[in-house]
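Trainee: make a model of this:
(chains A and B)
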Amino acid sequence: MKVQLLKICHGRSGDKGDTANVGLIARKKEYYPLIEQLVTAEKVKHHFQGIVEGDVERFELPNLWALNFLLHHALGGGGTKSLKNDAQGKTLAAALLRMEIELPEGTVIE
Amino acid sequence: MKSKKGIIRIASGQGFWGDLLTAPRDQVTKGPIDYLVMDYLAEVTMSIMQKQKRKDPKLGYAKDLVELFGEIGKDCIDKGIKIITNGGGVNPVACSDAILSVARSKGITKLKVGVVLGDDILGSIDELQSIGIDLENMESGESMLSIKDRLQSANVYFGAGPIVTALAGGADIVITGRTTDTGLTLAPMIHEFDWDHQDWNKIAAGTVAGHILECGGQASGGNFSADWKSVPGLARIGFPIAEAHPDGSVVITKHEGTGGLVSAQTVKEQLVYEIGDPRSYITPDCIADFTSIQLEEEGPNRVKVHGVKGKAATDFYKVSMSYLDGYTSVATLTYTWPEALEKAKKADAILRMRIADLGLEFEEMRTEYLGYNSSHGPLAPKVGDPNEIVLRVGVRGQDYKAVERFGKEIAPLILTGPPSVTGFAGGRPKPSEVISYWPALIPKTAVHPKVIVKGL
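Mentor: Model prediction:
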């Protein structure tokens, strides 16, 4: 069964220079192991192809049911250099919530 | 004498220079607080302020702050509320003079202003380099010499320490230059609870509270992605308040009767905002471990934050330098149905051909279609025939004249390009300066914060 991350997560994104960070937070405690297993740095890098030019790093915060992704070279140079309308990556959390993941059989999502 | 309180209430008043102007007043008037903390400084702010100071040596700070003090200063003094802010920018002394002068004009007769100095090292770069401090780029390792002649600002990020000194000196308002956002909130906890600067778990707990408060309404229902429609009364949003306890635990809340929402979800979204490795959130005061943070909803609009662990601070301060790095110009035109996207794309192609014919060259020329894909790029689903599309084209280059010339190629598209186009009322776009950043480290032993407390 496929589910869009929007259904099971929320998040917020911001900038540090030319790197964007996206915090992805599970809506329920029981969803955290799913995203920890399925939303890997590789998958996020693939999801953002054409937007993120550098590497994607992932960090885990199980205490907040959250993952933190660093998207390197994602903001067209960052700061006042960037020509992007979204130079600070504010909308990249929503862009990650577009991602679909394939849930293991029998997973129950309310 | 400092008060020894069981709990102190630290209120966030501003999350950036340009934030909701009514928020600090609401924090002071709509319920009890002990401290009002206001963050005014983003990286680009320092270079803007240096420019203002070069034009007039009495400027270079957040003027909003002085106006605000005129509005709420007397109330704060009457209620014993202390103000802590980095709104001093690159000229905290001039800022404090302006505050004292407003205080006099409002009939305030007793006021102690603490001023934190020493973060601005723009004038001592040569001296630092002569003793072997090269300020190379901490990310790329590049030598600073390549940008030295284009430097606009250079500031050391201080932590809570100098603010604590000012509070101990009896300051009613503390004005700093480049202090970390988190230091503003941590300082009153150290001061009121007599925390040891090396009690790393407590210092980290205060730092985490500072991170939650530092973006104002973003912790209390603003920019909330989990369920934005459920947030009541955003028009009258209450900014977050940290009820700090001597053991380092904190309850995040807001004043009764204000709009917005404080929940575990709103606090989590702020906790993950603009962080890197959550196990080492590095500030001048400590290294906080965000994976140790425990949250509990203990009632409506009350979230307890506890269990925070920290480690010893590093031996370095971060330095944020900015330098001039060319110019940009951005133009927009609005195309409407029918075939809005096709028209916008055609206009972009015509513009690019004219730019090429003129021989103009840029480091980058970027086209986005607002209403279609400007934010989510290739992730945006294809649209049918939208009612309207905003064509947004930007260029960046070192040659001012070329960037300026680009701006003259936009209006002609209206009469010499695709039809049903509007939205050029603002006139020709003007080049803006590009300010780039140069992050570096400096040994803590090489810079010395200076604290002055002066008064009426």
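Trainee: per-residue confidence at residue B:456?
Mentor: In this model, residue B:456 is scored at 86, pLDDT.
Trainee: contacts only, for it.
Mentor: Contacts for residue B:456 were tallied using C-beta atoms under 8 Å, 6 or more residues apart in numbering or on different chains; they are B:100, B:103, B:104, B:108, B:109, B:110, B:111. The way it works is simple: take the backbone N, C-alpha and C, and place the C-beta from them, glycine included.
Trainee: so for the helix or strand the first one falls within, mean pLDDT?
Mentor: Put plainly, it is residue B:100. In this assignment (DSSP states H and E), residue B:100 forms part of helix B:92-105. Model confidence over helix B:92-105, given as mean pLDDT, is 97.
Trainee: can you list contacts of that helix?
Mentor: So helix B:92-105 is contacted by B:57-63, B:65-66, B:69-70, B:73, B:87-89, B:111, B:113, B:115-117, B:173, B:175-177, B:454-456 (C-beta under 8 Å, 6+ apart).
Trainee: pull the CA atoms of that helix into PDB?
Mentor: Written as PDB, here are the backbone C-alpha positions of helix B:92-105 (Å, rounded to 0.1, in the frame of the first residue of the first chain):
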ATOM      1  CA  PRO B  92      25.100  49.100  20.500                       C
ATOM      2  CA  VAL B  93      26.500  52.300  22.100                       C
ATOM      3  CA  ALA B  94      24.500  54.600  19.800                       C
ATOM      4  CA  CYS B  95      21.400  52.300  20.400                       C
ATOM      5  CA  SER B  96      21.800  52.700  24.100                       C
ATOM      6  CA  ASP B  97      22.100  56.400  23.800                       C
ATOM      7  CA  ALA B  98      18.900  56.600  21.800                       C
ATOM      8  CA  ILE B  99      17.200  54.400  24.400                       C
ATOM      9  CA  LEU B 100      18.300  56.700  27.200                       C
ATOM     10  CA  SER B 101      17.100  59.700  25.300                       C
ATOM     11  CA  VAL B 102      13.700  58.200  24.600                       C
ATOM     12  CA  ALA B 103      13.500  57.200  28.300                       C
ATOM     13  CA  ARG B 104      14.100  60.900  29.300                       C
ATOM     14  CA  SER B 105      11.500  62.100  26.900                       C
END
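Trainee: just the buried residues of the contacts of residue B:456.
Mentor: By neighbour count, with 16 or more other C-beta atoms under 10 Å in any protein chain shown, the contacts of residue B:456 hold B:100, B:103, B:108, B:111 as buried.
Trainee: ok, the third one - contacts?
Mentor: Pointing back at residue B:108 there. By C-beta under 8 Å, 6+ apart, residue B:108 lies in contact with B:73, B:74, B:77, B:456.
Trainee: relative to residue B:340, how far out is it?
Mentor: Distance, residue B:108 to residue B:340, by C-beta to C-beta, to the nearest Å: 58 Å.
Trainee: hang on, the earlier thing: mark which of the contacts of helix B:92-105 are part of strands, please.
Mentor: Those of the contacts of helix B:92-105 mapping onto strands are B:113, B:115, B:116, B:117, B:173, B:175, B:176, B:454, B:455, per DSSP state E.
Trainee: between the residues you listed, which is closest to residue B:300?
Mentor: Closest approach to residue B:300 among those (C-beta to C-beta): residue B:173, at 32.6 Å.
Trainee: okay but the closest one is in contact with residue B:113, surely?
Mentor: Yes. Using C-beta atoms under 8 Å, residue B:173 is in contact with residue B:113, at 5.4 Å.
Trainee: report the beta-bridge partners for the residue lying closest to residue B:170 once chain neighbours are set aside.
Mentor: Leaving aside its sequence neighbours, residue B:170 sits nearest to residue B:112 (C-beta to C-beta, 6 or more residues apart in numbering or on different chains; 5.1 Å). Beta-bridge partners recorded for residue B:112 (DSSP bridges): residue B:455.
Trainee: parallel or antiparallel, list what pairs with the strand or helix carrying residue A:67.
Mentor: Taking DSSP H and E as the definition, residue A:67 sits inside strand A:66-71. Using DSSP bridges, the neighbouring strands of strand A:66-71 in the sheet come out as strand A:19-26 (antiparallel), strand A:56-61 (antiparallel).
Trainee: packing partners of the next helix or strand after that strand?
Mentor: Scanning forward in sequence from strand A:66-71 by DSSP H and E, the next helix or strand is helix A:92-97. Identification of packing neighbours for helix A:92-97 by 3 or more C-beta pairs under 8 Å, 6 or more residues apart in numbering or on different chains; DSSP states H and E yields helix A:5-8, strand A:9-16, strand A:19-26.
Trainee: now do helix A:92-97: distance to the chain's middle.
Mentor: 6 Å (C-alpha atoms, centre = their mean, to the nearest Å).
Trainee: again, but for stretch B:298-318
Mentor: With C-alpha atoms, centre = their mean as the basis, stretch B:298-318 stands 19 Å off its chain's centre.
Trainee: same deal with stretch B:447-456?
Mentor: Distance of stretch B:447-456 from the chain centroid (C-alpha atoms, centre = their mean) equals 23 Å.
Trainee: end to end on it, go ahead and measure it.
Mentor: End-to-end span of stretch B:447-456 (C-alpha to C-alpha, to the nearest Å): 30 Å.
Trainee: and that stretch, which residues are buried?
Mentor: Those would be B:447, B:449, B:451, B:452, B:453, for stretch B:447-456 by 16+ other C-beta under 10 Å.
Trainee: what number of residues lie near the residue nearest to residue A:27 when sequence neighbours are not counted?
Mentor: Leaving aside its chain neighbours, residue A:27 sits nearest to residue A:8 (5.6 Å; criterion: C-beta to C-beta, 6+ apart). Around residue A:8 there are 23 other residues, counting by other C-beta atoms under 10 Å in any protein chain shown.
Trainee: isn't residue B:64 right next to residue B:21, touching?
Mentor: Yes. Residue B:64 lies in contact with residue B:21 (C-beta under 8 Å); the separation is 7.0 Å.
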